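Trainee: My questions concern the predicted model and sequence given below.
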Amino acid sequence: MGLVKERAGARAQRLTTGIETWVDREVAGCEFKDERLGRRFCKLLAQIGSDMGQSIPLVCQDWANTKAAYRFFSNERVNEADILCGHFEATRGRVAATEGPILVLHDTTEFSFKREKPDLIGFTGKTAGRTQCGILMHSSLAVTTEGLPLGLSAIKFWTRKKFKGPTALKRKINPTRVPIEQKEGIRWLENLRQSTDLLAAPGRCVHIGDRESDIYELICLAEEAGAHFLVRTCVDRLAGDGNHTIADEMDEVTIKGLHRIKVKDDKGDPDDAVLEIRYRKIRVLPPIGKQTKYPALTLTVIHAQERGRPKRRKKIEWKLLTDLPVQSRKDAINKIEWYALRWKIEVFYKILKSGCKAEDSKLRTAERLVNLIAVFCIVSWRVFWMTMLNRSSPNAVPQMALTDPEIRLLDRLVACFGNCRTRIPEIRGQQFQ
């Protein structure tokens, strides 16, 4: 507790002087096993955040700091939970300061590496017949309904020592009869539980996932926790009395309305898509092998299918499952737009890999890479948040993202630039851009 008290006192002093930085807020809830590790983490986060995408030696400037950084990432007393716990606390504070539903976006990504000794890291799968060295990460990102990322609420890292592939596994066992605790899919349940507990407002949480999240145990857990869910289905589940499926019932549903959206084709050019919307409340049954363990649920199924066949992109066809009320075309469109925000977590991953260049790291073991990626996660959220802040709140004051010294410095830079070329208004008092 000594480090927490020390940081609390230092933070109070910074608040009185008006120079609390974003790093201070993201590490305030951290508690490492050694105070020196906490101080090194604060310094590392500031260094990496100020020179995103550069190697550790470049951001650390000198050999002493570089060596200290490598020691931090390889320290057995440091793990991703220690690094991210302060950010999780900050996420909870930002969620508490907002109103309305919070969309918790869940997804999995892979980090691939080339190593002479891949066994020190592990494997993710097979690419072109070759086993790929790398790390998998399943994360949960809390965003507002306007798309503003409030921070990560849960994260899991793992690697595979062996990889046979799902096809090989299905030859020996029926995956629907394997307990969820014995599958990698358990990460979806663990992150949902951790996110719901962290945010402490289950009724506000809407957990959103792609087709990989179509797990009956996940749906039941959300119901049990008092949270909501909106997932894209990949399984045509049994419905009603068990003599037919969801698809059979949805075939009987007439089109309830149309919705026009803007999309991009495979070349990145803008295009229009007109979606036919259908929805119905249906009694959904659990898998046959699990009907004695899990109850049937009455849920709403939403189908959004594009009219016609586009020339230079895949046809849009979303089949969504939710416990949220859908009583009109407007309600259905609202849920479709919420699901579309799932793409925000893909943008977060793009920042991690293209901005922070996580896959360029030369660290040799999975443990060191995981610690580094955890730091990159905080930096990537910060960049993403600043990007989306102007789009979701264009009239926000600069103090939301910058400290007073930073604003004064920008005032001087803008004034100097204006004297040299075209006069530009000072940033103070203007909207943050």
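Mentor: That came in fine, so what should we check first? Numbers count the residues shown, from 1 in each chain.

Trainee: Could you list everything the spatially most central residue of the chain pairs with in the sheet?
Mentor: Geometric centre of the chain, nearest residue: residue 141, 3.3 Å, by Cα atoms, centre = their mean. With DSSP bridges applied, residue 141 shows beta-bridge pairing to residue 105, residue 152.

Trainee: and the gap between it and residue 403?
Mentor: 25 Å (Cβ to Cβ, to the nearest Å). C-beta: built from backbone N, CA, C; applies to glycine.

Trainee: likewise residue 318?
Mentor: Counting by Cβ to Cβ, the gap from residue 318 to residue 403 is 43 Å.

Trainee: got any ranges where the stretch 101-250 of the chain has weak pLDDT?
Mentor: Where the stretch 101-250 of the chain drops to pLDDT under 70, the residues are 162-175.

Trainee: all helices of it, in order?
Mentor: Listed in chain order, the helices of the stretch 101-250 of the chain (DSSP state H, counting those that start in this stretch) span 166-170, 186-199, 216-225, 246-250.

Trainee: any chance you could map the strands in this structure?
Mentor: Applying DSSP state E to the chain gives strands spanning 102-112, 123-127, 130-144, 149-158, 205-209, 228-232, 238-239, 244-245, 257-264, 270-284, 297-306, 317-322.

Trainee: Which among those strands is found nearest to residue 385?
Mentor: Comparison of the strands of the chain against residue 385 by Cβ to Cβ identifies strand 149-158 as nearest, at 5.3 Å.

Trainee: helices and strands around the closest one, which ones?
Mentor: Strand 149-158 is packed against helix 80-96, strand 130-144, helix 186-199, helix 366-392, with contacts defined by 3 or more Cβ pairs under 8 Å, 6 or more residues apart in numbering; DSSP states H and E.

Trainee: what about residue 94, how many neighbours?
Mentor: Residues lying near residue 94 (other Cβ atoms under 10 Å) number 17.

Trainee: what about residue 63, distance to residue 53?
Mentor: Counting by Cβ to Cβ, the gap from residue 63 to residue 53 is 21 Å.

Trainee: out of these two, which sits in the busier spot?
Mentor: Ranked by neighbour count (other Cβ under 10 Å), residue 63 and residue 53 place residue 53 first, with 15 against 9.

Trainee: can you pull the contacts of that one?
Mentor: Contacts for residue 53 (Cβ atoms under 8 Å, 6 or more residues apart in numbering) come out as 355, 356, 357.

Trainee: Just the ones of those residues in helices?
Mentor: Per DSSP state H, helices hold no members of those.

Trainee: who wins for most neighbours among these?
Mentor: Neighbour max across these (other Cβ under 10 Å) = residue 356, 23 neighbours.

Trainee: Residue 49 is in contact with that residue, correct?
Mentor: No: using Cβ atoms under 8 Å, residue 356 makes no contact with residue 49, being 9.8 Å away.

Trainee: Return every residue with contacts to both of those two.
Mentor: By Cβ under 8 Å, 6+ apart, the residues touching both residue 356 and residue 49 are residue 379.

Trainee: related to what we said a few turns ago, among the helices of the stretch 101-250 of the chain, which comes closest to residue 110?
Mentor: helix 186-199 (13.4 Å).

Trainee: still on that earlier bit, okay, the strands of the chain in a markdown table with distance to residue 337 next?
Mentor: What follows is those, written out as a markdown table (distance: least, Cβ to Cβ, whole Å):
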| stretch | distance to residue 337 |
| --- | --- |
| strand 102-112 | 10 |
| strand 123-127 | 32 |
| strand 130-144 | 13 |
| strand 149-158 | 17 |
| strand 205-209 | 11 |
| strand 228-232 | 11 |
| strand 238-239 | 26 |
| strand 244-245 | 27 |
| strand 257-264 | 9 |
| strand 270-284 | 11 |
| strand 297-306 | 10 |
| strand 317-322 | 11 |
